[in-house]
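>>> Need coordinates for the below:
(one chain, ligands or ions: 2)
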Amino acid sequence: MFNNNEIEQQVAEFLLQIKAIKLQPNNPFTWASGWKSPIYCDNRVTLSHPSIRTYIRQQLAAAIHEKFGSVGCIAGVATAGIPQGALVAQDLGLPFIYVRSKPKDHGTGSLIEGDITTTTGKRVVVIEDLISTGKSSLQAVDALRSAGYEVAGLAAIFSYGFDVATQNFKQANCPFVTLSNYSALIKYAEEHQYIIDKDVAVLKQWRENPADWGK
Ligand SMILES: O=P(O)(O)OC[C@H]1O[C@H](OP(=O)(O)OP(=O)(O)O)[C@H](O)[C@@H]1O
Ligand SMILES: O=C(O)c1cc(=O)[nH]c(=O)[nH]1
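Numbers count the residues shown, from 1 in each chain. Ligands and ions are numbered 1, 2, ... in the order given. Next comes the predicted model:
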C-alpha cells in the first residue's frame, strides 16, 4: 500500500544521510529558474547508492501504479530524470523515452529520444527528479503532448511545494505525485538534528519569498 507519510519521511532521511541535501546560506545556489537559494537537493546522488536508488525506483513504480493506473510508456526529463526514469521503466517492463531541454543541435535534431513511432504505449508517465517551479517538467509534458502522447501525469522524487508549481501543474492540467517534499524534509532534519538553529532561521526566511531571496 502506498503510504505517503512513511515514504516522505524515509526519502527525507535517505537524502539527509547521503548528503544530497546541501545548505550554503553564505554561498547561495542558483537554480534552473534563476532563483537564488540557500538549499539544494541533489537527487542525482541517490544513483550512487544501490539500496536507496532501489527504494526510490520501487516507490516511484508503486506511486505510478496507484495514481495513474495502466500506462504504456515512461519518459524521463533530461538530465536528472533520465536515469531515474530508466530505472522505473525497467521495473515496470515498459518502453522508455526521454525529453531534452532543447532539440539536439546536430545528428537527428531530436527533442524526444527513443522510439516514438510506436502506436502502443502512447499513455505516458513523466519522471522528473525534482520540482521547484515545475517549468522544466511542464516543458517536457508539452513536448510529449505535441508528439501525440497522452500524459497521464508526472512523478518526481522531491518537490519544494511552492504554490507557483501547484498553479503551473494545474494550468497545464497535469496531475503529479512526489515521494517527498520540503516540509517533510525540514521536519525530519529538525527532529534529528541535521540542521543547526541558525540555518533553520535562514530557511524560514527564504521559504517566505524564495523568488526574491538573495537578490
Ligand atoms: O522546477 P524547475 O524550476 O524547472 O526546476 C527543477 C529542474 O531543475 C533541475 O534540472 P537542471 O536544469 O538543473 O538540469 P539537470 O537535470 O540537467 O541537472 C531538476 O533536475 C529539474 O529538472
Ligand atoms: O531548481 C533547481 O534548479 C534545483 C533545485 C534543487 O534543489 N535541486 C536541483 O537539482 N535543482
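
>>> which bits of this protein sit near ligand 2?
Contact residues (C-beta under 6 Å from any ligand atom) of the chain with ligand 2: Trp31, Ala32, Ser33, Tyr40, Cys41, Asp42, Leu130, Ser132. Where C-beta positions appear, they are placed from N, C-alpha and C, glycine not excepted.

>>> Quick one, which of the residues you listed are buried?
Neighbour counting by 16 or more other C-beta atoms under 10 Å classes Trp31, Ser33, Cys41, Asp42, Leu130, Ser132 among the residues of the chain next to ligand 2 as buried.

>>> The fourth one contacts Ile18, doesn't it?
Translated: Asp42. No. At 9.2 Å, Asp42 does not count as touching Ile18 under the criterion of C-beta atoms under 8 Å.

>>> Following the biggest helix by length in the chain in sequence, what is the next regular element?
Assignment by DSSP state H gives helix 50-68 as the longest helix of the chain. Using DSSP states H and E, the helix or strand that follows helix 50-68 towards the C-terminus is strand 73-77.

>>> ok, that next one: who's next to it in the sheet?
strand 96-99 (parallel), strand 123-131 (parallel) (DSSP bridges).

>>> Would you reformat those strands as CSV and include distance to ligand 1?
Formatted as CSV, those follow (distance: least, C-beta to the nearest ligand atom, whole Å):
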stretch, distance to ligand 1
strand 96-99, 10
strand 123-131, 5
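
>>> Closest one of the buried ones among the residues of the chain next to ligand 2 to Leu60?
Closest approach to Leu60 among those (C-beta to C-beta): Leu130, at 12.8 Å.

>>> Could you pull up the residues touching the residue lying closest to Leu60 once chain neighbours are set aside?
Counting by C-beta to C-beta, 6 or more residues apart in numbering, the nearest residue to Leu60 once its immediate chain neighbours are dropped is Val88, at 4.9 Å. Val88 makes contacts with Arg57, Leu60, Ala61, Ile64, Ile74, Ile127, Ala155, as judged by C-beta atoms under 8 Å, 6 or more residues apart in numbering.

>>> circling back to that earlier point, kindly reformat the strands paired with strand 73-77 as JSON lines containing mean pLDDT and distance to Gly107.
Formatted as JSON lines, those follow (pLDDT from 0 to 100; distance: least, C-beta to C-beta, whole Å):
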{"stretch": "strand 96-99", "mean pLDDT": "98", "distance to Gly107": "15"}
{"stretch": "strand 123-131", "mean pLDDT": "98", "distance to Gly107": "23"}
